[in-house]
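S.K.: only the shape, not the letters, is given here:
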């Protein structure tokens, strides 16, 4: 009996130490997402179970709240970990774009957790309680086998789930052993290492995609025909006797800004992006065939966005909005807050149907695709384009941080 108590106490103390380490590491993780929130909830539940077990085993503390009540709380915390971990796994699958009925699995696991609580409260045979724990983690194994991941990617989940199952089997054999907290702790430690590996892989993939998009971005922004047309217009201005100094300054600053954007690995202030937009608009007005007004309506400016994400949208409005319409003459650039997002919207009053033209469709399918990809990778943002009968709207949505 003394040996069993020593084993239980040792497992409990080791579990608490590892749980604290994992919790601190998880809280220090820079990339927060729904998966991590579910994981931290799992760690807190197991910590609650381990803590109440220590209280139940301590005469002073158990006298304050009641030993039986403390044991009930301990087992309840342990049983609630399975449904929350199921949600963590489902969120992992959703990030892989596989649809899961989260409500079904949550109800199933929560129902079994409720049975565990009822078994403990009414002093039902302990074998049934441990069997319920066993079923919970068998269900998690089934979910793993149903997942979209191959066996190698699911290895950390599978190995981790084996420990609570082993703890349940120990409980079935001899109810005096109480190592469920230890089993769930080892599972969370293994899964956390797997989570860290997934994040590292995701960051590497994002870096590769961003590197590829930078090259594509440069090719999109530095159009040979744009450089040729700009130089031609500047030459015409010099022939007319106009002052071409400012046009040359704007042209060189525009090129420099484009090349500097390749060194930007993160977000830049909105004002800096607008400086680049203004340079482009100044160059566009050099051509006598392009006369238009620009209306700026900024409700918010203190935010950041990916470099060269707004300028391509303004270029589309100039070249393929009002540029292909005899009636279009105004471009509106807005920024405002809406439902937890910062929205930057570019609107032109050219014919909305002009988006169906092959030249415009080809340009937008390439240029806007790059913008949308950079928004997704850098800030979890998105791009939406609406074509109407009198205008075209391109809207950037950036989550408020």
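M.R.: Cool, the structure landed. These numbers come from a predicted model, not from an experiment.

S.K.: domain ranges for the chain?
M.R.: Split into domains by automatic domain parsing, the chain comes to 2-204, 222-399.

S.K.: mean pLDDT lowest for which of the ones you listed?
M.R.: With a mean of 77, domain 222-399 has the lowest mean pLDDT of the domains of the chain.

S.K.: helices of this protein, residue ranges please.
M.R.: Assigned by DSSP state H, the helices in the chain fall at 2-27, 34-57, 59-65, 67-95, 102-121, 126-146, 155-173, 180-221, 224-239, 245-261, 270-284, 311-320, 358-379.

S.K.: hey, which of the ones you listed is tucked in deepest?
M.R.: Mean neighbour count (mean count of other Cβ atoms under 10 Å) peaks for helix 311-320 among the helices of the chain, with a mean of 24. Just so you know, the C-beta spots here come from the backbone N, C-alpha and C atoms, and that holds for glycine as well.

S.K.: next, the angle helix 270-284 makes with it.
M.R.: Relative orientation of helix 311-320 and helix 270-284, computed by axes from the mean of the first three to the mean of the last three Cα atoms, to 10 degrees: 20 degrees.

S.K.: got the angle between helix 311-320 and helix 245-261?
M.R.: Calculated by the same axes, to 10 degrees, helix 311-320 forms an angle of 130 degrees with helix 245-261.

S.K.: need the helices of the chain in TSV with distance to residue 301, can you?
M.R.: Below are the helices of the chain laid out as TSV (distance: least, Cβ to Cβ, whole Å):
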stretch	distance to residue 301
helix 2-27	32
helix 34-57	30
helix 59-65	55
helix 67-95	32
helix 102-121	39
helix 126-146	46
helix 155-173	44
helix 180-221	23
helix 224-239	28
helix 245-261	19
helix 270-284	5
helix 311-320	16
helix 358-379	16
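
S.K.: which one, of those, ends up nearest to residue 299?
M.R.: helix 270-284 (11.6 Å; Cβ to Cβ).

S.K.: so what does that closest one touch, helix or strand wise?
M.R.: The helices and strands touching helix 270-284, judged by 3 or more Cβ pairs under 8 Å, 6 or more residues apart in numbering; DSSP states H and E, are helix 245-261, strand 304-306, helix 311-320, strand 330-338.

S.K.: what's the burial count for residue 307?
M.R.: 25 (other Cβ atoms under 10 Å).

S.K.: any idea how far residue 107 is from residue 343?
M.R.: Using Cβ to Cβ, to the nearest Å, residue 107 is found at 37 Å from residue 343.

S.K.: swap that for residue 25, please
M.R.: Distance, residue 25 to residue 343, by Cβ to Cβ: 36 Å.

S.K.: and what of residue 85?
M.R.: Applying Cβ to Cβ, the value for residue 85 to residue 343 is 36 Å.

S.K.: that older thread, between the helices of the chain, which gets nearest to residue 396?
M.R.: Judging the helices of the chain by Cβ to Cβ, what sits closest to residue 396 is helix 358-379, at 6.5 Å.

S.K.: quick check: residue 304 touching residue 342?
M.R.: No. With contact defined as Cβ atoms under 8 Å, residue 304 does not count as touching residue 342 (9.5 Å).

S.K.: follow-up on the earlier one: ok, which of the helices of the chain comes nearest residue 296?
M.R.: Evaluated with Cβ to Cβ, these place helix 270-284 nearest to residue 296, the distance being 8.2 Å.

S.K.: what lies in contact with the closest one?
M.R.: For helix 270-284, the external contacting residues (Cβ atoms under 8 Å, 6 or more residues apart in numbering) are 230, 246-247, 250-251, 253-254, 257-258, 261, 290, 294, 301-305, 307-311, 314-315, 318, 333, 335, 344.

S.K.: the same query, at a cut-off of 6 Å, please.
M.R.: Contact with helix 270-284 is made by 230, 250, 253-254, 257, 290, 294, 301, 303, 310-311, 314, 318, as judged by Cβ atoms under 6 Å, 6 or more residues apart in numbering.

S.K.: just want the angle from that helix to strand 330-338.
M.R.: Here the directions of helix 270-284 and strand 330-338 differ by 170 degrees (the same axes, to 10 degrees).

S.K.: check contacts around residue 102.
M.R.: By Cβ under 6 Å, 6+ apart, the contact list for residue 102 reads residue 90.

S.K.: contact partners for residue 294?
M.R.: 281, 331 are the contacts of residue 294 under Cβ under 6 Å, 6+ apart.
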